[in-house]
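Chemist: Next come a sequence and a model predicted from it.
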Amino acid sequence: QKEVEQNSGPLSVPEGAIASLNCTYSDRGSQSFFWYRQYSGKSPELIMSIYSNGDKEDGRFTAQLNKASQYVSLLIRDSQPSDSATYLCAVNIRNAGNMLTFGGGTRLMVKP
Amino acid sequence: GAGVSQSPSNKVTEKGKDVELRCDPISGHTALYWYRQSLGQGLEFLIYFQGNSAPDKSGLPSDRFSAERTGGSVSTLTIQRTQQEDSAVYLCASSLRHSAIYEQYFGPGTRLTVT
């Protein structure tokens, strides 16, 4: 079992819809969770961080964390074609020296 | 303010040559990380530096890889006797401190191609 798992996609949504990206992790002691967006040929760009159970909203983005279920998600409201990218989930794995461990990423395609 | 910078942006080298990749972190960030990203391997941790502490080298794939950080700022990742499997994008990130709660910010990366 991988430490951080994401569906590789592609996830295709129409413009204006809500895109829901999911991530599961194996270490119950993980404390912090991050979502990065990566456009093709570019480096990862941090878009959200979340540390506590519940929802955290920032503009069109909402991160949701459920530590009991070891599940973190990212919702993108009013999806735009410019949101088309690969979204990487990163988890601070406690038993890995507090390193960030990345999932394989979910490719999102927003169709006009 | 300025973000993380890396140089060169692209490097093509012949198998067996040594290469040096440079990273300049965000000013004031004491933690610096090197990752690499290759097709099929995703983003994998290589090494990190926190202030003046000894680096954590646990992610380095072989003894051909080494890194140093001078004066607590700029870091250089050196790959000796490059192999074709070293071809990847090498990413540097920095954070305020090495801790679970601090966010890491990535530089633009260096694309290394070993021919």
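Modeler: Perfect, I can see it now.

Chemist: Locate the residue most central in space within chain B within the secondary structure: which element?
Modeler: Centroid check for chain B by Cα atoms, centre = their mean gives B:Trp34 as the closest residue, at 3.0 Å. Take DSSP states H and E as the rule and B:Trp34 turns out to sit in strand B:31-38.

Chemist: Contacts made by that strand with the rest, please.
Modeler: With contact meaning Cβ atoms under 8 Å, 6 or more residues apart in numbering or on different chains, strand B:31-38 is reached by A:100, B:23, B:25, B:43-51, B:67, B:69, B:75, B:77, B:87-99, B:102, B:104, B:109. C-beta coordinates here come from the backbone N, C-alpha and C atoms, glycine included.

Chemist: and the lowest-mean-pLDDT helix or strand in chain B, anywhere near chain A?
Modeler: Least confident helix or strand of chain B, by mean pLDDT, DSSP states H and E, is strand B:42-50 with a mean of 91. Yes. Judged by Cβ under 8 Å from any Cβ of the partner chain, strand B:42-50 comes into contact with chain A through B:Gly42, B:Leu43, B:Glu44, B:Phe45, B:Tyr48.

Chemist: what's the helix or strand just after that strand packed up against?
Modeler: Using DSSP H and E, the helix or strand that follows strand B:42-50 in sequence is strand B:65-69. If contacts are counted by 3 or more Cβ pairs under 8 Å, 6 or more residues apart in numbering or on different chains; DSSP states H and E, strand B:65-69 sits against strand B:42-50, strand B:75-79.

Chemist: which one of those strands is the most hemmed in?
Modeler: When the helices and strands packed on strand B:65-69 are scored by mean count of other Cβ atoms under 10 Å in any protein chain shown, the highest mean neighbour count falls to strand B:42-50 (a mean of 21).

Chemist: packing partners for it?
Modeler: Partner elements for strand B:42-50 (3+ Cβ pairs under 8 Å, 6+ apart): strand A:99-102, strand B:31-38, strand B:65-69, strand B:75-79.

Chemist: what bits of the chain have low per-residue confidence?
Modeler: Since no chain was named, I'll use chain A. Where chain A drops to pLDDT under 70, the residues are A:1, A:95-98.

Chemist: To clarify, I was referring to chain B.
Modeler: Chain B contains residues with pLDDT under 70 at B:1.

Chemist: do you know which of the helices and strands packed on strand B:65-69 lies nearest B:His29?
Modeler: Closest of the helices and strands packed on strand B:65-69 to B:His29 is strand B:42-50, at 10.3 Å (criterion: Cβ to Cβ).

Chemist: then that closest one to CSV, C-alphas only?
Modeler: C-alpha atoms of strand B:42-50 as CSV (Å, rounded to 0.1, in the frame of the first residue of the first chain):
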residue,chain,number,x,y,z
GLY,B,42,6.4,10.7,-9.1
LEU,B,43,7.9,13.3,-6.8
GLU,B,44,10.5,11.8,-4.4
PHE,B,45,12.4,13.3,-1.6
LEU,B,46,16.2,13.4,-1.8
ILE,B,47,17.7,15.4,1.0
TYR,B,48,16.9,18.3,3.3
PHE,B,49,18.8,20.9,5.3
GLN,B,50,17.6,22.7,8.4
